[in-house]
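Enquirer: Only the shape, not the letters, is given here:
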């Protein structure tokens with residue numbers, strides 16, 4: 001079972017915004033979008049705030065496989081997190097997304113919250129083999 005390490009949490013906290021969020025249609029057509037509002041939600045989940053998604057939202061409904069990629073200039077590497085996404089427009093997670101966006105002074109109302117339950121993670125950067133699924137090595 002995947003769980004964020006302290007290093008992964010540090011990279012996410014210091015990551016350059018926006019993150020890259022990738023999805024694919026039911027036919028496998030890829031889509032990547034920049035996302036500014038991203039944070040760790042639990043030991044194995046991200047929350048991303050949907051402000052402008054259209055194709056991405058449809059992709060999540062049709063095909064929940066997704067990836068979140070980030071890079072930290074502080075440590076000069078990043079991670080790609082892969083897993084299943086779900087889309088919420090009400091409830092506790094959505095309410096926390098709205099509160100978070102409003103606390104940052106945004107002038108828009110979020111349309112939804114995307115939750116990605118991570119089951120794979122890959123290193124992004126030099127000096128390591130990025131093809132290795134780090135989640136399988138952690139236990």
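Expert: The structure has been received and is ready for your questions. Bear in mind that the values here come from a model prediction, so they are computed numbers and not experimental data.
Enquirer: Longest helix of the protein, counting residues only.
Expert: The longest helix of the chain (DSSP state H) is helix 92-103.
Enquirer: quick one: buried residues of it?
Expert: 93-94, 97-98, 100-101 (16 or more other C-beta atoms under 10 Å). To be clear about C-beta, it is placed using only N, CA and C from the backbone, and glycine gets the same treatment.
Enquirer: repeat for stretch 14-23
Expert: Neighbour counts over stretch 14-23 (16+ other C-beta under 10 Å) mark 15, 19-23 as buried.
Enquirer: Serialize those to CSV and add fields for distance to residue 124, secondary structure and pLDDT.
Expert: Conversion of the buried residues of stretch 14-23 to CSV gives the following (distance: C-beta to C-beta, whole Å; DSSP: H, G, I helix; E, B strand; the rest coil; pLDDT from 0 to 100):
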residue, distance to residue 124, secondary structure, pLDDT
15, 11, strand, 96
19, 12, strand, 96
20, 10, strand, 96
21, 14, strand, 97
22, 13, strand, 97
23, 18, strand, 97
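Enquirer: Closest one of those to residue 33?
Expert: residue 21 (5.4 Å; C-beta to C-beta).
Enquirer: What's opposite the residue lying closest to the closest one once chain neighbours are set aside in the beta bridge?
Expert: Of all residues not flanking residue 21 in the chain, residue 35 sits nearest, at 4.6 Å (C-beta to C-beta, 6 or more residues apart in numbering). Listed beta-bridge partners, residue 35: residue 19 (assigned using DSSP bridges).
Enquirer: correct me, but residue 35 touches residue 47?
Expert: No: shown here, residue 35 and residue 47 do not form a contact pair, counting by C-beta atoms under 8 Å, at 10.4 Å.
Enquirer: Would you map the strands across this structure?
Expert: Using DSSP state E, the strands of the chain run over 19-24, 30-35, 38-42, 45-50, 65-72, 77-88, 112-124.
Enquirer: before we move on, back to that, quick one, the longest helix of the chain and strand 38-42 angle?
Expert: Between helix 92-103 and strand 38-42, the angle comes out at 140 degrees (axes from the mean of the first three to the mean of the last three C-alpha atoms, to 10 degrees).
Enquirer: measure the nearest residue to residue 20 once chain neighbours are set aside to residue 126 for me?
Expert: Spatially, and ignoring its direct neighbours in sequence, residue 20 is nearest to residue 69 (4.4 Å; C-beta to C-beta, 6+ apart). Separation of residue 69 from residue 126 (C-beta to C-beta, to the nearest Å) stands at 16 Å.
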